[in-house]
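Here's a sequence, model it:
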Amino acid sequence: MIRFPASSTSQFSGNTKIWESLKQAIASSSGFQRWEIEHPLDNDRLQEFNLDYRVRRYLRETLETLAY
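Model (predicted):
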């Protein structure tokens, strides 16, 4: 069994809180909302997935677009 030092555990907890806050901010952004509208074929399927998955997919696709 892996044991994490207390400082590592509290840092993970802090990172989780930051991600939750960031995820909510991204989901409420006009860019994310527009992205969901612009993907109508995927939209029905995406509704089955949680917000975490949808935000991660949005970020990945956005970064891939910027990489070109």
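
which stretches of the chain have low pLDDT?
1-12, 40-48 (pLDDT under 70).

how about the helices in it?
For the chain, the helices defined by DSSP state H cover 6-27, 30-38, 40-46, 51-67.

need the ones you listed in a markdown table with mean neighbour count, can you?
All C-beta atoms are positioned from the backbone trio N, CA, C, and that covers glycine. Formatted as a markdown table, the helices of the chain follow (neighbours: other C-beta atoms under 10 Å):
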| stretch | mean neighbour count |
| --- | --- |
| helix 6-27 | 11 |
| helix 30-38 | 12 |
| helix 40-46 | 11 |
| helix 51-67 | 13 |
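
quick one: contacts for residue 31?
Applying C-beta atoms under 8 Å, 6 or more residues apart in numbering to residue 31 gives the contacts 58, 62.

For residue 55, see how far away it is.
Counting by C-beta to C-beta, to the nearest Å, the separation of residue 31 from residue 55 is 11 Å.

Check residue 37 too.
Taking C-beta to C-beta, one finds residue 37 at 15 Å from residue 55.

Then residue 33?
12 Å.

shared neighbours of these two, which are they?
With C-beta under 8 Å, 6+ apart as the test, residue 33 and residue 55 reach no residue in common.

how close does residue 58 get to residue 68?
17 Å.

Then residue 24?
Taking C-beta to C-beta, one finds residue 24 at 29 Å from residue 68.

Ok, residue 15 next?
Residue 15 is 30 Å from residue 68, by C-beta to C-beta.

and if you look at residue 56?
On the measure of C-beta to C-beta, residue 56 and residue 68 end up 20 Å apart.

Then residue 28?
Using C-beta to C-beta, residue 28 is found at 27 Å from residue 68.

again with residue 36
Going from residue 36 to residue 68 by C-beta to C-beta gives 22 Å.
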